[in-house]
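whatever this is, show me its structure:
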Amino acid sequence: MKKLCSILIVLCMVLQAGTIFAYDDAALSAAQTLYTLGLLKGNSDTFSAEGMELDRTATRAEISVTITRMLGKDEKARYQQNAHPFTDVPDWASDYVGWLYENYLVNGASDTYFGANDIASVQQFCTMMLRVLGYSDAEGDFYYDSATSFALSIGLIDSQMLNRYELVRGDMVKICLNALQLPIKNSNRLLSTKLSDEKVFSKALAESAGLNVSTNVLEGYFAAVDHNLPDISASKNGSTIRIRINGDIEEYGVRVFYTSKAQPTVTEVPLGTSGLHYEKGKISYLGGGFAGYIDQLSIFGITDTTDLQIIVIKTSSEDALYNILGKTNITTLK
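Numbering: from 1, shown residues only. Okay, the predicted model is just below:
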């Protein structure tokens, strides 16, 4: 009798703690990759299977954080601290829900109730991840009621997830990993490439984690760069080039390339490393700290005899387009 009571007590404790699901090696591997890239954080400072809690269901607050990071907006959400009307969102998720709400990407269950601790569904998460990939249910690319079927058709989920209702964190991380290797709508540019371009993580780090990060931006793209482009205001002083940006722009997705008369091949200048590299001059808030905007670039490691043309581009935060901000006049930087 005592043994039966003990079993019942343990069973009640498990039920009270929430439904527990088994996770597989693929989920653990996906979680490790996302953790390495900074897209997933557990409940501790180091990676562990226990810290990732892959065997329980995900909440709406948790998927809001995940979606914001998959959009490359983690830092921006924390900078902006957008307000929202929901009273049930915990502090750790508030900036993320605020950013999504400000950008019309999420709604609440009511005007003031978000349902932060409600269990998220596979359908909800697929809908949001499809939007991350550039698909729009508002424009008819897919419909909410058939979001999982559409997600299956493009390889975002597998057939085992198709008929599940509750979103398990183990499935959540696998869906995110699948998304990273899928192309943005109407392009051959992978989501992993977009996030790498926007400096959410480095190409080298992604490749070391086993991801494909294509570099198709260079394939035929710079053929459009001609002498009719507006010049960027730039000056050279010894081994440094200072470039003034025309207006304050978001720092996300800024990339710098160069060509020279001696070496016409377009080459990317790395960000913040030793040797030839560039750094972004961020605008400071009045109250201190850096805003997410820049007004100048500094390129270091240039030799006095180097004859360069600098090309600055910025990836769009919301789609796959590239915008050429301008180029330096090659004759002024000798």
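
check contacts around Gly42.
Applying C-beta atoms under 8 Å, 6 or more residues apart in numbering to Gly42 gives the contacts Tyr35, Ser48, Gly51, Met52, Glu53. Using the backbone N, CA and C atoms, a C-beta is placed for each residue, glycine as well.

dump these to a markdown table, plus secondary structure.
Formatted as a markdown table, those follow (DSSP: H, G, I helix; E, B strand; the rest coil):
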| residue | secondary structure |
| --- | --- |
| Tyr35 | helix |
| Ser48 | coil |
| Gly51 | helix |
| Met52 | helix |
| Glu53 | coil |
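
nearest to Val254, of these?
Within the contacts of Gly42, proximity to Val254 (C-beta to C-beta) peaks at Tyr35, which comes in at 26.2 Å.

identify the residue nearest that closest one in space, chain neighbours excluded?
Phe47 (4.9 Å; C-beta to C-beta, 6 or more residues apart in numbering).

the one you found: neighbouring residues, count only.
The number of residues packed near Phe47 is 16, by other C-beta atoms under 10 Å.

pLDDT at it, what is it?
pLDDT recorded at Phe47 is 82.

which element, helix or strand, includes it?
Assessed by DSSP states H and E, Phe47 sits outside every helix and strand.

tell me who's in contact with it.
Contacts of Phe47 (C-beta under 8 Å, 6+ apart): Ala31, Gln32, Tyr35.

thought Glu53 was touching the first one, still the case?
No. In this structure, Ala31 is not within contact of Glu53 by C-beta atoms under 8 Å, at 9.5 Å.

out of these two, which sits in the busier spot?
Neighbours were counted for Ala31 and for Glu53 using other C-beta under 10 Å; Ala31 has more, 27 against 19.

assign the more buried one to helix, strand or coil.
Assignment for Ala31 (three-state DSSP): helix.

mind listing what it touches?
For Ala31, counting by C-beta under 8 Å, 6+ apart, the contacting residues are Leu40, Phe47, Ala49, Met52, Leu54, Gly170, Val173.

do the same with Phe86
Shown in contact with Phe86 (C-beta under 8 Å, 6+ apart): Val97, Tyr101, Gly108, Thr112, Tyr113, Phe114, Ala116.

can you map out the helices along the chain?
Ranges of helices in the chain, per DSSP state H, are 2-17, 25-37, 49-52, 60-70, 74-80, 91-102, 122-132, 147-153, 169-180, 191-197, 203-208.

reformat those helices as CSV; add distance to Ile311.
Output for the helices of the chain, formatted as CSV (distance: least, C-beta to C-beta, whole Å):
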stretch, distance to Ile311
helix 2-17, 56
helix 25-37, 27
helix 49-52, 41
helix 60-70, 29
helix 74-80, 25
helix 91-102, 31
helix 122-132, 28
helix 147-153, 37
helix 169-180, 27
helix 191-197, 15
helix 203-208, 18
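
of all the ones you listed, which lies closest to Leu162?
Of all the helices of the chain, helix 147-153 comes closest under C-beta to C-beta, at 5.5 Å.

most neighbours among the contacts of Ala31, which one?
Val173 (27 neighbours).

Trp99 versus the nearest residue to Leu195 once chain neighbours are set aside, what's the distance?
Leaving aside its chain neighbours, Leu195 sits nearest to Gly72 (5.1 Å; criterion: C-beta to C-beta, 6+ apart). Separation of Gly72 from Trp99 (C-beta to C-beta, to the nearest Å): 11 Å.

touching, Tyr144 and Cys126? I think so.
No. Assessed by C-beta under 8 Å, Tyr144 is found out of contact with Cys126, at 9.4 Å.

returning to what we had before: so the residue nearest to Leu195 makes contact with Ser196?
No. Under the criterion of C-beta under 8 Å, Gly72 makes no contact with Ser196, lying 9.7 Å away.

what about Ser149, distance to Gln124?
Taking C-beta to C-beta, one finds Ser149 at 15 Å from Gln124.

so where is the stretch 101-250 of the chain shaky, pLDDT-wise?
Residue ranges of the stretch 101-250 of the chain with pLDDT under 70: 187-188, 214-232, 246-247.

pLDDT value on Gly38, please?
90.

quick check: closest non-adjacent residue to it.
Per C-beta to C-beta, 6+ apart, closest to Gly38 is Phe201, 6.0 Å.

same thing with Glu251?
Per C-beta to C-beta, 6+ apart, closest to Glu251 is Ile294, 4.7 Å.

the one you found contacts Ile283, correct?
Yes. Contact between Ile294 and Ile283 holds when scored by C-beta under 8 Å: they sit 6.7 Å apart.

residues contacting Tyr104?
No residues are in contact with Tyr104 under the rule C-beta under 8 Å, 6+ apart.
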